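A.B. asks: below: sequence and its predicted model.
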Amino acid sequence: LERVRTSPTTFIDAAHNPHGAKALGAALDRDFDFARLIGVLSIFADKDSTGILTALEPYLTEVVITQNSSPRALDAYDLVETARDIFGEERVHVADNLPGAYAQAVELAEDAEVQSGSGIIITGSVVT
């Protein structure tokens, strides 16, 4: 869990399995008081994407699903279907690439009424 930006507060973490995702969510919940937390996620096809998303769901207000540069990455549009099953349609967004996903997450974070209460976590694999 590494902070890489302060406005909006942005973290990166390599949570690439359900156990790591659960630990990430617990750390964010314990150590920070975000009114709104946006997740940017790309997950490898051979990982437990359902388990990872399920572990993160209680902690994330919305998610932006994308695809990282690895050939092992699960197609963003396949991952978004799983995310919609877990988060619901209205909490899930999709972007074709990581820079676009981060830009969308920043926009979502800045749309909040109290921007100082918003954060972003980029996770789902070591490559992401």
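C.D. replies: Cool, got the structure.

A.B. asks: which residues touch the nearest residue in space to residue 66 that is not next to it in sequence?
C.D. replies: Closest residue to residue 66 apart from its sequence neighbours, by Cβ to Cβ, 6 or more residues apart in numbering: residue 101 at 3.6 Å. Glycine gets a C-beta too; all of them are placed from N, C-alpha and C. For residue 101, the contact set (Cβ atoms under 8 Å, 6 or more residues apart in numbering) comprises 40, 42, 64-66, 95.

A.B. asks: so what's residue 101 scoring on pLDDT?
C.D. replies: On pLDDT, residue 101 comes in at 97.

A.B. asks: go ahead and confirm residue 66 touches residue 105.
C.D. replies: No - under the criterion of Cβ atoms under 8 Å, residue 66 makes no contact with residue 105, lying 9.5 Å away.

A.B. asks: past the helix or strand residue 25 falls within, which element shows up next along the chain?
C.D. replies: Using DSSP states H and E, residue 25 maps to helix 18-31. Using DSSP H and E, the next helix or strand after helix 18-31 towards the C-terminus is strand 36-41.

A.B. asks: what about residue 46, how many residues nearby?
C.D. replies: Neighbour count for residue 46, taken as other Cβ atoms under 10 Å: 8.

A.B. asks: what sits closest to it if chain neighbours are left out?
C.D. replies: Excluding its sequence neighbours, the residue lying closest to residue 46 (Cβ to Cβ, 6+ apart) is residue 72, at 6.6 Å.

A.B. asks: and the helices in the chain?
C.D. replies: In the chain, the helices defined using DSSP state H lie at 18-31, 49-56, 76-87, 98-111.

A.B. asks: packing partners of the shortest one?
C.D. replies: Packed against helix 49-56 by the contact rule (3 or more Cβ pairs under 8 Å, 6 or more residues apart in numbering; DSSP states H and E) you find helix 18-31, strand 36-41, helix 76-87.
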